[in-house]
Each structure stands twice: as C-alpha cells, then as structure tokens.
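A.B. asks: Below is the structure, and that's it, no one-letter string:
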C-alpha cells in the first residue's frame with residue numbers, strides 16, 4: 001500500500017510463488033486490506049509452473065538470453081499486438097528459407113520497406129515495437145543489477 005502512495009499502481013506489482021500453499025496468506029492479506037488482486041492458482045488446477053502466465057514469463061526470459069524461436073513464437077502476440085498466426089507463418093517461411101532465427105528475420109522485416117505479401121504497415125509497426133521491446137529488455141538485463 002505504501003508503494004501506491006508513491007505513485008505506483010497495484011497493476012505494477014506481481015507476486016510469484018513456487019507453491020499454491022504459499023499464496024494463501026498473501027491472498028487473504030490482500031482481501032483483508034482490500035487490495036485488488038488475481039491469482040492464476042485459483043483459476044487453474046495445473047501446477048503453477050505449467051500455467052500460461054509462468055510459461056509466458058519464462059519465454060520472455062529465454063528471449064533475453066538468446067534468439068530462441070520457440071520462446072519468440074510463444075510471446076510474439078502476448079500481450080496481443082496484432083501479430084497473429086498469419087504473420088508468424090510468414091516469419092517461419094522466411095526463417096526456413098534463409099536458415100535464420102525468427103527473431104533475426106522479424107528484426108529485418110520490421111526495418112525493411114520491402115513489400116511482403118500479407119504484411120501491412122500496421123504489422124511492421126507492431127513488429128518493430130516488439131523488437132524494440134526485446135532490445136530494451138536485453139539492454140536492461142545485461143546492464144543493470146538486481147538491485148536496480
């Protein structure tokens with residue numbers, strides 16, 4: 001609650017836990033203090049590590065380390081950014097034809113003005129924003145400490 005007084009919003013926070021049992025006191029404290037919250041643990045019967053949210057976070061972390069195609073495919077449109085299956089199919093085809101990673105092909109396509117069937121200016125803009133986000137995350141990951 002104190003952090004909210006400093007201008008942060010509740011949506012700026014996330015609590016990760018290895019077990020559902022550890023979330024129970026946190027959830028009850030949030031309820032007690034009328035702090036808005038959601039818990040993927042209460043929605044799903046899957047182990048926490050297998051929930052979509054955790055898998056998405058892990059995919060983003062994999063992308064910080066390398067141009068991981070599987071991770072890229074998972075988070076290309078998470079959150080939704082207008083880069084669905086049709087763009088992914090185009091990127092896959094280009095990557096296979098050229099023997100390159102999806103991230104590298106996406107970066108080239110985002111920067112290029114070369115017309116590509118099925119890719120409109122909105123796709124390029126959204127792809128560029130996504131690539132810029134990945135680059136910024138990698139820069140922060142490589143230059144900042146955990147304390148920052």
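C.D. replies: Perfect, I can see it now. Not measured: the values here are computed from a predicted model.

A.B. asks: All the helices of the chain, residue numbers only.
C.D. replies: Remark: helices assigned in the chain by DSSP state H are 2-5, 23-32, 40-43, 52-65, 69-75, 85-98, 102-111, 121-143.

A.B. asks: weakest of the ones you listed in terms of mean pLDDT?
C.D. replies: Mean pLDDT per stretch puts helix 40-43 lowest among the helices of the chain, at a mean of 58.

A.B. asks: can you list the residues that contact stretch 117-136?
C.D. replies: Residues outside stretch 117-136 that contact it (CB atoms under 8 Å, 6 or more residues apart in numbering): 63, 76, 81-83, 86-87, 90, 103, 106-107, 109-111. No exception for glycine: its C-beta is placed from N, CA and C like everyone else's.

A.B. asks: which residues touch residue 58?
C.D. replies: Contacts of residue 58 (CB under 8 Å, 6+ apart): residue 71.

A.B. asks: for residue 36, same thing?
C.D. replies: 10, 30.

A.B. asks: Farthest-apart pair in the contacts of stretch 117-136, please.
C.D. replies: Pairwise distances across the contacts of stretch 117-136 (CB to CB) peak at 21.3 Å, for the pair 63 and 86.

A.B. asks: So if I had to pick from the two, which one is more boxed in?
C.D. replies: For residue 63 versus residue 86, neighbours defined as other CB atoms under 10 Å are more numerous around residue 63 (21 against 11).

A.B. asks: Which residue comes closest to the more buried one once chain neighbours are left out?
C.D. replies: Closest residue to residue 63 apart from its sequence neighbours, by CB to CB, 6 or more residues apart in numbering: residue 71 at 5.0 Å.

A.B. asks: okay, now the one you found: neighbour count?
C.D. replies: Residues near residue 71, counting by other CB under 10 Å: 22.

A.B. asks: follow-up on the earlier one: name the member of the contacts of stretch 117-136 with the most neighbours.
C.D. replies: residue 106 (26 neighbours).

A.B. asks: ok, it - contacts?
C.D. replies: 72, 76, 91, 127, 130, 131 are the contacts of residue 106 under CB under 8 Å, 6+ apart.

A.B. asks: Thanks a lot, see you next time.
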